[in-house]
Structure formats: structure tokens, C-alpha cells
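> Predicted model and sequence follow; I will ask about them next.
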Amino acid sequence: MPELPEVETVRLGLEPALCGHRFVQVVQRREDLRFPLPDRFTERLTGRRVERLARRAKYILIHLDDGQVLVVHLGMTGRFSVARRATQEVQLGNYSSEHGGNARHDHLVFVMSGGAVITYNDARRFGYMLLIPERDLAENAFMRGLGVEPLSAELNAAYLARRAFGKKIDLKTLLTDQRIVAGLGNIYVCEALFRAGLDPFKPASRLATSGGRPTARTERLVGAIKRVLGHAIRAGGSTLRDYKQADGRAGAFQNAFQIYGREGAPCLKPSCRGTVLRKSQGGRSTFYCPVCQR
DNA sequence: AAGAACTCCTGTTGGC
DNA sequence: TGCCAACAGGAGTTCT
């Protein structure tokens, strides 16, 4: 799925199409994505005006004028594409030429008062949408347990040391756990660990001293996480296979990967002679340099 | 109760 | 070319 930088890029792409505009028409092509879509979904959205778009972890939060929030998670393959209403007829007949996806996976279409036609396509349907009152957001089952935002001041070495203290799980598993740091996924954890020179397979407890205090490597890791996410957002995210920005353009950060997807290639650390390895960890690929990640 | 394994679904890729 | 297995950016649920 889109990780935090991709979700943030999608949010930014949707903003001009949605903000200040009303849902004129909502077409729902199936009952469920990963979970059933909200009851009376199209009725409840139609006529509502979008006040603002926010993001929490990998969720896009679309705040409506009736106090409800449309919460969207893109799963692995969810994507939005934005077109103008003038092209709607063409679109309805031939989406695939518009966004490169298969039209059979166009599950929702939102027609906005400002003229935008927004299509949600999701081949694997791991994505989901909720429509809940804003006041219930914090206690919602999906939001409740989320950890800190990695780009906020809440992610710092002291926090990470505290959460890692005594944990036997490996470093990479800790970082992809949304309850600890919310928004990281496989790619950016690989990248951050490489940049910080840390071994993904070592126990998470190494981020804390015996007294639960942060160490130099904890500081390094926090810095690497923030830098890699910031850089990726500025590049418009990474495009591997499914992810696209809302305007259909590819992101550019995949060109800045230093470790992800580079199995067999030489390590990019200036003085390192290592070769990038790929190992399965928790059922997904971890890319790392066994020489400089210790 | 932490941690591992399994699960949802479809598409793409690489090996033979 | 065809077929099949492995893999894909997530994460909730179930198990041990």
C-alpha cells in the first residue's frame, strides 16, 4: 500500500477537487471493499460539502459540513483519480484509459460541485471507508490504538526508546507496527534502517539502555525516519506498481531508494563494500546491507 | 499477553 | 506461448 508519503500525496491531490465542494452524485458499484461500505453511503454523502482534508497515519480524513468524517484507507492498491466533469462521459465508458487501472475495479465515483469526477479504484480491495461523526474519531476502533505521527515532535528518541524497551521483536517489526509509529510501511522502514545503519533483524530492545533511555542509534533512527519521509513527500511518494498520485502522475521517490528493491546491487554507503540482500521477515521482503547495518 | 501465522483479494512477474 | 508459484506497499483476527 501506499505508506505515509503516498497517502499524504493523495490527500494533497484530492484537496483542490474536494475542498469547499459538494458531492453532487455518488456512484457505488459494490457493497463492500475490505469491509462493507457504510450504510446508506451514497445518500449520506450526496449534498454534503467538504470542509477540509486531513491525514492520520495512513488514513485520509475528509471532514464534511454535517460533522461527519469520511475516513479512507487505501489498503494495498486503492487509488483515486481526478478528472473534470466535462470528460465524465468518456470516463464512464472508458476509465482504464484515464488512470491505467482496470475499470472493473472502479468501485466508487464521486461527482463534485466544482466539476471534479473522482474515481476510487482498488483491485485487491484491501482498502476501506468509514463514515463516522467527527467526535467519535479518536475512539474509533481503527484510530484508537494508533501510535505517534512520525513527522511530529511526538516521535523522538525518548518515545521510541520507551516503546522499544524490553521488546524481543526485531527492529523492523517494531517500526512497521502502527501502534508504535503510525504511517510507516515496508519500504520506508527499510530505507530508514539503512540510512541509520541499523540491522533490521536485531531486537528492538537495542533502542533503549537497560534503564529505558535512548541511545545514539535511537537518535540516528529517528532522524533517518523523519528525513526519508520528508524527502519522499517532497518527491510525491514512490510509484511501484499500483500507486499513482491523484492526478495520475507517478511519484519520484522510487528513484531515490537506497536499499529497497536493490537486491544483489552494491551497497551505496560510500566506504562500504557490501552487497544488498533480501530476506523474508514477517512474510515480507526486507532489503538490507549486512555489512554496514549492524 | 506478546508474538507468529493466517487471512482477505487480484494482478504481475519470473522460472521452467 | 503456457502454466504455476511466488510475490506485492497493509493490517485485523486468530492461534500458540
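Nice, thanks for sending it over.
> List the strands paired with the one helix or strand A:Leu61 maps to, with their directions.
Here A:Leu61, judged by DSSP states H and E, is contained in strand A:59-64. As defined by DSSP bridges, the strand partners of strand A:59-64 come to strand A:50-56 (antiparallel), strand A:68-73 (antiparallel).
> can you give me the helices for chain A?
With DSSP state H as the criterion, chain A has helices at A:4-18, A:41-45, A:88-93, A:96-99, A:157-164, A:171-176, A:186-196, A:216-234.
> Report the angle between the strand holding A:Leu61 and helix A:4-18.
20 degrees (axes from the mean of the first three to the mean of the last three Cα atoms, to 10 degrees).
> tell me the domain ranges of chain A?
A:4-139, A:157-288 (automatic domain parsing).
> Please work out which residue of the stretch 51-200 of chain A is closest to DNA strand C.
A:Gly185 (1.9 Å; Cβ to the nearest atom of the strand). Any C-beta I mention is one placed from the backbone N, CA and C, and that applies to glycine too.
> buried set for stretch A:224-232?
A:Ala224, A:Ile225, A:Lys226, A:Val228, A:Leu229, A:Ala232 (16 or more other Cβ atoms under 10 Å).
> Same check on stretch A:209-222?
For stretch A:209-222, by 16+ other Cβ under 10 Å, it's A:Pro214, A:Arg217, A:Thr218, A:Glu219, A:Arg220, A:Leu221, A:Val222.
> Rebuild the helices of chain A as CSV, extending it with distance to DNA strand B and mean pLDDT.
Formatted as CSV, the helices of chain A follow (distance: least, Cβ to the nearest atom of the strand, whole Å; pLDDT from 0 to 100):
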stretch, distance to DNA strand B, mean pLDDT
helix A:4-18, 18, 94
helix A:41-45, 19, 97
helix A:88-93, 19, 42
helix A:96-99, 10, 46
helix A:157-164, 10, 95
helix A:171-176, 6, 94
helix A:186-196, 13, 95
helix A:216-234, 17, 96
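> which of those helices sits most buried?
helix A:186-196 (a mean of 25; mean count of other Cβ atoms under 10 Å).
> could the buried residues of stretch A:209-222 go into JSON lines alongside distance to A:Ala250?
Shown next, in JSON lines, are the buried residues of stretch A:209-222 (distance: Cβ to Cβ, whole Å):
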{"residue": "A:Pro214", "distance to A:Ala250": "37"}
{"residue": "A:Arg217", "distance to A:Ala250": "34"}
{"residue": "A:Thr218", "distance to A:Ala250": "34"}
{"residue": "A:Glu219", "distance to A:Ala250": "34"}
{"residue": "A:Arg220", "distance to A:Ala250": "31"}
{"residue": "A:Leu221", "distance to A:Ala250": "29"}
{"residue": "A:Val222", "distance to A:Ala250": "29"}
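> out of those, who's nearest A:Arg52?
Nearest to A:Arg52 out of the buried residues of stretch A:209-222 is A:Val222 (Cβ to Cβ; 29.0 Å).
> Quick check, that closest one in contact with A:Asn156.
Yes - if you go by Cβ atoms under 8 Å, A:Val222 and A:Asn156 touch, sitting 6.0 Å apart.
> if I look at those two, which residues touch both of them?
Taking Cβ atoms under 8 Å, 6 or more residues apart in numbering as the contact criterion, A:Val222 and A:Asn156 have no common neighbours.
> on that earlier part again, out of the strands paired with strand A:59-64, flag the one nearest DNA strand B.
strand A:68-73 (12.0 Å).
> A:Ser285 contacts A:Asn186, doesn't it?
Yes - A:Ser285 lies in contact with A:Asn186 (Cβ under 8 Å); the separation is 7.2 Å.
> Give me the below-cutoff pLDDT ranges for chain A.
Applying pLDDT under 70 to chain A flags residues A:1, A:86-100, A:241-244.
> which bits of it sit near DNA strand B?
Residues of chain A lying near DNA strand B by Cβ under 7 Å from any atom of the strand: A:34, A:102, A:104-105, A:123-126, A:167-170, A:173, A:241, A:282-283.
> Any of those buried? List them.
For the residues of chain A next to DNA strand B, buried by 16+ other Cβ under 10 Å: A:His105, A:Ala123, A:Arg125, A:Lys167, A:Asp170, A:Thr173.
> which ones are touching the first one?
Looking back up the chat, that one is A:His105. A:Asn121, A:Asp122, A:Ala123, A:Arg125.
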